[in-house]
Structure formats: structure tokens, C-alpha cells
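The following block contains a protein sequence and its predicted model.
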2 protein chains.
Amino acid sequence: MLTERRAAILGMVVSEYISTAEPVSSRAIVARHRLDLSTATIRNELARLEEDGYITQPYTSAGRVPSDLGYRTFVEMLMLEEPVEAQEQRTIEHQLHQVVGGLDEWLSLSATILAGSVGNAAVVTRPRAASSRLRHAQLVELNHDTALLVAVMDDGRVRQRMLPLQTPASQALLTERAVRLNARIEGADARLARSVASELADPDEAGTVRAIADLIDEQRIAEETFLDGLNSVLRQPEFLDADRMLEAVATLQTYRMRGLLEQTMDAQLGSTQVVIGHEHGDDSMQEWSMVISRYGDEDAIGTVAVIGPTRMPYHRTIPRVRYVARLMSHLLHEVRQS
Amino acid sequence: MLTERRAAILGMVVSEYISTAEPVSSRAIVARHRLDLSTATIRNELARLEEDGYITQPYTSAGRVPSDLGYRTFVEMLMLEEPVEAQEQRTIEHQLHQVVGGLDEWLSLSATILAGSVGNAAVVTRPRAASSRLRHAQLVELNHDTALLVAVMDDGRVRQRMLPLQTPASQALLTERAVRLNARIEGADARLARSVASELADPDEAGTVRAIADLIDEQRIAEETFLDGLNSVLRQPEFLDADRMLEAVATLQTYRMRGLLEQTMDAQLGSTQVVIGHEHGDDSMQEWSMVISRYGDEDAIGTVAVIGPTRMPYHRTIPRVRYVARLMSHLLHEVRQS
DNA sequence: GTTAGCACTCTCGACAGGAGAGTGCTAACC
DNA sequence: GGTTAGCACTCTCCTGTCGAGAGTGCTAAC
């Protein structure tokens, strides 16, 4: 049972560990908070906290380190969020207004700013329509047995894919086919397109529509995800030795490819979600935490997230992710107005 | 003076060091090449090579390590290029044909393949028209004192930028202005646009045209550069300790931003250029080498490059960069046909 | 010009020892 | 029962030493 005092001590352990990255000793706790208790008493409480799984020892007779459960408890009930002060807000807004380019540059800059503000890596994904639909598809002859399929979505995305043909087709034929297929699936979502595909007799036509369905669904993670702050993360003491650092780079790179979306399907716009260590299904993410938020509006939603070791300043990160997400929603709205 | 024998020995030192990453001893040379000379003789020659600046010793009485001059000499006159065998060509082509998406995905995949093939990082930049011209510009009202400038180039690039206005302007006014300015600068290159800008009396109009000129010139490095193989590079023994690895990540990241183009302005299409260590002007690149090639055609040119430590298998890297660049030129041509 | 021999230098890994940090436990205390 | 002083114990980490090993430069002889 987590008594009030034990909870307080847990909070001290977690925040101390977050800021020092060193196992926290009973003495450090007493000293830092000028407690009117002896180290022995603290040690007794620490033993209980360890028994209950909130903290662990790296080795016998070292200080204590929070477990994932410890962090979770900290986030849920112990921490005091550190608000984004007016000064910092101004700095962030100022940087964000430096953008001279288009959406992509803006997203990339957002990731950079967020990463800088929290000292960990940040990821921003491009906003996407909740469920996109096909506006128009086109077929272009590449050579005698390959066509290029170009699909324009109603949220303005343009996707293309090479399409092998079973039966060679001229440009005229392809154009005619595109007109015919457009008539059937314009405005369709991926599901409808797939059901149409299954009704088509001609294998090339069916293939084309299936490809279109894929394109509607497709999340081109690599191109739609902006990652920055690799440097900041790698500077964290958990990656002091080269092997771990290498592993970290690999994790972040592959993670970038895989994308965050699957994890955050259920995140509400405006809320901020925290995933700590083993709470990721993924084995390679056991030592990482993410703070995730959505931004955008009903039309299109993107993701903002911070990634770092589980020893992360949640009390700073969470409000900052939330703030940036909100800011981005606003700015996106402003731009959309036009 | 570099006698023939000394040159041969230098070649052995360089290639041995490239493959083992360990300082090369006189004994290793004799043993590896079954020379009919004693180690003492080799030592004498090594001393001369060191005197002449081709090799150095990390510390007294360690083996020898090539200097930048040593690598340069190796590349220029000693190495035997290792051709890309038919089997490897097939593998590369096969991978490259996996692309289902558009140009960007294709470029990003090319970087990945090249990086994998040579075991170092690879960079690919998007092909750009040698000198682009404006096709059409548009002004959109964002709010009362900001407009969005959208410029379409004749090579199909679309660039946008927010434009602060000195005098507020309605959408009607902006549209009218765009029509007027288009009439004057459609088809203009950056230089012509700038000279037109200097003739305009209205500061907002002059500002707009200047911004257009910038956009024509602009190389949005961050978005136009595809980097892969960070992992491969970091696995090289030169980055065994964490500090160096951190430095390497930083270098590659900033390098990515800065782009390669300035370095390669003079590179001819089809030729392959090698820049070794201090030959970069840049301080942070003293320990890096690059193998650079251009691809594309008269209409648009991009860059393919491999980046790694100066201890790089030049004899493998150079032909592979050249091969990939050629392949990309072909494929680009094929796609352009359509 | 080549080579054997040898003294010398420097690195690197292993090992031991000691300081330091921190714990758990016990017994006494309030 | 909770609290605490005291203490033995454990584990890490730093330091210094030592010897093996690798490789060189030099000298003198071929």
C-alpha cells in the first residue's frame, strides 16, 4: 500500500533521479529535502517501495532507481507540471514565425524547436485527413508493360506508384480506362475502392483500383515524419557508451520509419499521452518513453511527440508538448483560413 | 621522391589499413605480400615515406597510418578499382525497382542502397534544373498584413513563402498585383527578377519580386537531401568511443543541412570526385572523406555522394558511386520519357 | 643497398588494493 | 509501533603497478 509518506518519498526519488541520472541514496533524500527523519527510516521506506515494484537497485547496495511503474505513478499523481512561462512561450512562437518556406519546413522547424525545448528527440508528422478519399486518378504510360498511377486525394495529397500491366496498353487505352474507373470510384475511401476492385473482371483494372485503395490508405512515414534532436538524446548519460549509443540511433531511425501513428490511434485531440518503457509493445523500446499529442482540427490531424529515455523530465516535457501541439493547431488554422 | 618500390609499399600500407583499421607494421607488409625483403628494409622505406608525408605514426613505435596525402596518392595512382560485378549490379537494380512511390521515395531508397553497398553514409539530392525560371507566381491573402507567395518554376518545383506587407492589401489587390508582376517576370531567372525588383517603386511590389528571385534560387537543402547509412558509418572503428560518435552524428546532421552542392559545383556529369580530409575547407570535416558524383541530364542535375571516415575503401566506393549515379541518370530519363 | 640483432618505447590488459558510497540488519529508544 | 544509531557487509570505481607484446630505429656487418 502506498502511504502518503511513501508516495512523497517516491516522488523525491523520481525527481532526483531525473535530474541527476544517478541512483538516489537515502542520504541524498534527507539532505536535499531537509527531512526531519534519519536515513535509516528512509531506507526502511525505500525497501517497501522496492518490494512494491516502484523502484529498483542496479546492484546490491547502490542507490535506488525508479522502475517504469515508479515513473508512471510519478506522472499520474506525484509530479507538479512545470508551466511554459511567458518568456519561453515568446521564444518558441518567435522561432516558429521564422519560417519562410512551406508546410514541410514548418513541420521540420517545429520538431527542432520542440526537441531543443525539452532536450530530447522530437517527431512531428504531417497532418492527414482523418480518412481521405480519392479525388481523381490518372494513368500514364511508362513503357509497354508499365504504367504510372497518379492519385490525388481530397485533402490535396498526391501519390504515385508504378503499375505493372498484365496486358500491354497504349496511352489512349489507359486514359480511357482512367476515365471509366474515376467515374466509379471518385470520392471513394479505401474500403469502398477495395470492394469495387473485387467486382472488376479485368485483372489490370482490378489491380489499378486495388493500388488506388492502397494509396488512399498509405502513410508514407518516411516522408511524412520529421525527426530532430538526435543529438540532444544522445547526449543523455544513458548513452555514454558507444554500444548503447549505436543502439539508440538504430532505434530512433527504425522508429521513425515505423511511425507513431499506430500507438496513438486513440489519443484525443488536445490530450497528451505518455508511454513509458515496457508500456510500448515493442522490445526495442523498453528503455524509451514517449510523450505524444495530436494537433490539427476536424479536417486533418497530425502528431507531435517527444522521444527519450524513460528517465525523462516528464513534468517539463508534457506541458511543452501540449503547448507546441496547441500552437501548431492555431497556426495551421490560421494558414488554412486563406 | 616516390620510387616505384616505395609507391608499391605505400599502396600496401593504405589498403592494409583500409581493411584492418590498425596501424600497419613492417612485418605485416612482408607477411601479407610474401615479399622477399626483410622487415628492416621495409622499415627504411617506411621511414622515407613518413619523411615525405605519405604516412604517419600514431605514437613512437606503432605501425604506420596513411595521411591524407597518402590516401590521395592511393586514389590517384595506386589503387585498382574493384568493379561492380554483374551479380551486385543485379541486386542494386532489383532493389531500386522496388519503388512503389514517387521521386522522393526513389531518392531516399537510392541513398539507402548506396549506403548499404559501400558500408558508409550516402547522400542523394533531388535533381534540380541547372538554372530554373519562374513559370507563374501567385499572391494569397493570409491576414491584413501578411500574404502568402506561391511560385511555380518551369521545372515543376513549387515554392511558397510568407510575405509581410508594409501596406495592407485585399485579395483583389493582391491578385491584380500578381497578374501585373507575372507579366513582367514570367520566364525570368533569379538574376533578371532581381534587376526588375530594383526598378519597382512600390516597396511591397519590389519585396515580392525579390522574394520570388530568392525562391527561384532557393535550394531547400533540408527537404531536398536524403541521407542514409548513419548506422553503417557509426559502426566504423573510428567511432568506437562515445564522444567521437556524438561528434560524428553532429557532423553528418549539420552537413546534411549545409548540403554538398557548394563543393561540387565544378563536378562534371559522369565524373566522380573525391574529397579527402583536410581537402574540405571545413574544420569539422578534417577526418571525413566524400566521394561525389552527379546524375541527371542537361535538364536537371542531382548529386550522389558517400561520406565516411578518411579510411574508406575508395577502390570499392568510387566505382559504386559512379555506377549508382549512372543508373539513376538512366532511370530518371526513363521516367521523364512519360 | 640489404639485413640481423638489439635496445628502446609505447600500449594495453590484468590484477590488486583501497577509498567511498550505500545498504540491511540489529538492538535500543521514544 | 515507529524511529534511529551503529556497524558489518557488498559492490563499484579509481589508481597504480607490472609484464607481455608489438614495433620501431639504429648500428654494424654483409
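Sure, I can see it.

Just name whatever secondary elements the helix or strand A:Y17 falls within is in contact with.
Here A:Y17 sits within helix A:4-20, counting by DSSP states H and E. Applying 3 or more CB pairs under 8 Å, 6 or more residues apart in numbering or on different chains; DSSP states H and E, one finds that helix A:4-20 contacts helix A:26-33, helix A:39-51, strand A:65-66, helix A:68-73. (C-beta placed from N, C-alpha, C; glycine too.)

can you list the ones you listed in a markdown table and add mean neighbour count and distance to A:R316?
What follows is these, written out as a markdown table (neighbours: other CB atoms under 10 Å in any protein chain shown; distance: least, CB to CB, whole Å):
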| stretch | mean neighbour count | distance to A:R316 |
| --- | --- | --- |
| helix A:26-33 | 17 | 19 |
| helix A:39-51 | 16 | 24 |
| strand A:65-66 | 22 | 16 |
| helix A:68-73 | 21 | 14 |
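
if we compare the ones you listed, which one ends up closest to DNA strand D?
helix A:39-51 (3.5 Å; CB to the nearest atom of the strand).

what about the closest one, average pLDDT?
Helix A:39-51 shows a mean pLDDT of 93 in the predicted model.

same question, stretch A:225-235
Taken as a whole, stretch A:225-235 has an average pLDDT of 90.

Go through that stretch and flag the buried ones.
Of the residues in stretch A:225-235, those buried by neighbour count under the rule 16 or more other CB atoms under 10 Å in any protein chain shown are A:225-230, A:232-235.

Residues contacting the helix holding A:Y17, please?
Helix A:4-20 is contacted by residues A:2, A:23-24, A:28-29, A:32-33, A:42, A:45-46, A:48-49, A:54-55, A:64-66, A:70-71, A:73-74, A:77-79, A:311-315 when judged by CB atoms under 8 Å, 6 or more residues apart in numbering or on different chains.

Let me have the helices and strands packed on helix A:4-20 in a markdown table, adding distance to B:V150 as columns.
Formatted as a markdown table, the helices and strands packed on helix A:4-20 follow (distance: least, CB to CB, whole Å):
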| stretch | distance to B:V150 |
| --- | --- |
| helix A:26-33 | 56 |
| helix A:39-51 | 59 |
| strand A:65-66 | 51 |
| helix A:68-73 | 46 |
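
Any idea which of the ones you listed gets closest to A:A121?
Within the helices and strands packed on helix A:4-20, the stretch nearest A:A121 is helix A:68-73; the backing value is 17.8 Å (CB to CB).

Using PDB, write down the CA coordinates of the closest one.
Taking C-alpha atoms only, helix A:68-73 is exported to PDB below (Å, rounded to 0.1, in the frame of the first residue of the first chain):
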ATOM      1  CA  ASP A  68       8.500   2.100 -15.100                       C
ATOM      2  CA  LEU A  69       5.800   1.800 -12.500                       C
ATOM      3  CA  GLY A  70       7.600   4.400 -10.500                       C
ATOM      4  CA  TYR A  71       7.600   6.800 -13.400                       C
ATOM      5  CA  ARG A  72       4.000   6.000 -14.200                       C
ATOM      6  CA  THR A  73       3.000   6.800 -10.700                       C
END
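
wait, what's in contact with A:D228?
Per CB under 8 Å, 6+ apart, neighbours of A:D228: A:108, A:111-112, A:114-115, A:121-122.

For it, give its distance to B:H330.
From A:D228 across to B:H330, the span is 35 Å (CB to CB, to the nearest Å).

Give me the secondary structure label for A:A62.
Put simply, A:A62 is coil when judged by DSSP: H, G, I helix; E, B strand; the rest coil.

Can you list phi and psi of it for me?
phi -120, psi 180 (degrees, to the nearest 10).

what about the residue nearest to it when sequence neighbours are not counted, how many neighbours?
The spatially closest residue to A:A62, leaving aside those adjacent along the chain, is A:P23, at 4.8 Å (CB to CB, 6 or more residues apart in numbering or on different chains). Counted with other CB atoms under 10 Å in any protein chain shown, residues neighbouring A:P23 total 18.

Which pLDDT does the model give A:P23?
A:P23 carries a pLDDT value of 94.

now do A:L269
pLDDT, A:L269: 74.

and if you look at A:L69?
95.

Now for it: which residues touch it?
The neighbours of A:L69, taking CB under 8 Å, 6+ apart as the test, are A:53-54.

and what of A:V152?
Shown in contact with A:V152 (CB under 8 Å, 6+ apart): A:134-138, A:158.

out of those residues, which are buried?
Buried, going by 16+ other CB under 10 Å: A:134-135, A:137-138, out of the contacts of A:V152.

for the stretch 51-200 of chain A, which spans come out with low pLDDT?
A:100-102, A:129-131, A:142-143, A:155-158, A:160 (pLDDT under 70).

if we can go back for a sec, looking at the buried residues of stretch A:225-235, which are in helices?
A:230, A:232-234 (DSSP state H).

With distance to B:I18 as added columns, please give these in TSV.
Shown next, in TSV, are those (distance: CB to CB, whole Å):
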residue	distance to B:I18
A:L230	28
A:S232	34
A:V233	32
A:L234	27
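
between those, which is nearest DNA strand C?
Distances from DNA strand C to those, taken by CB to the nearest atom of the strand, are shortest for A:L234, at 24.3 Å.

and that closest one, how far is that from A:A248?
6 Å.

Equivalent analysis for A:H94, please.
Applying CB to CB to A:H94 and A:A248 gives a distance of 31 Å.

Between those two, tell me which one has more neighbours.
For the pair A:H94 and A:A248, the greater number of neighbours falls to A:A248 (22 against 10), based on other CB under 10 Å.

Quickly find the element holding the more buried one.
helix A:242-258.

What are the buried residues along that helix?
Quick answer for helix A:242-258 (16+ other CB under 10 Å): A:242, A:244-246, A:248-249, A:251-252, A:255-256.

and what of stretch A:10-28?
Quick answer for stretch A:10-28 (16+ other CB under 10 Å): A:10-18, A:23-26, A:28.

Could you restrict those to the ones contacting DNA strand C?
A:23-26, A:28 (CB under 7 Å from any atom of the strand).

among the residues you listed, which two are most distant?
Distance extremes for those: the farthest pair is A:P23 and A:S26 at 11.0 Å, using CB to CB.

okay, now the closest residue to A:R294 other than its chain neighbours: neighbour count?
Take A:R294 and drop its neighbours on the chain: the residue closest to it by CB to CB, 6+ apart is A:L269, 4.8 Å away. Residues within reach of A:L269, counting by other CB under 10 Å, total 13.

Is A:L269 in a helix, a strand, or coil?
A:L269 is classified as coil under three-state DSSP.

Please name the residues that touch A:L327.
Per CB under 8 Å, 6+ apart, neighbours of A:L327: A:92-93, A:96.

From those, list the buried ones, please.
By 16+ other CB under 10 Å, the contacts of A:L327 give A:92, A:96 as buried.

restrict the contacts of A:L327 to those near chain B?
Among the contacts of A:L327, no residue sits close to chain B (CB under 8 Å from any CB of the partner chain).

Identify, from the contacts of A:L327, the entry nearest to chain B.
Checking these against chain B with CB to the nearest CB, the nearest one is A:L96 at 11.6 Å.

I figured the closest one hits A:L109, correct?
Yes. Assessed by CB atoms under 8 Å, A:L96 is found in contact with A:L109 at 6.6 Å.

want to try JSON lines for the ones in helices among the buried residues of stretch A:225-235, with distance to DNA strand D as columns?
JSON lines is the format used below for these (distance: CB to the nearest atom of the strand, whole Å):
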{"residue": "A:L230", "distance to DNA strand D": "26"}
{"residue": "A:S232", "distance to DNA strand D": "24"}
{"residue": "A:V233", "distance to DNA strand D": "21"}
{"residue": "A:L234", "distance to DNA strand D": "20"}
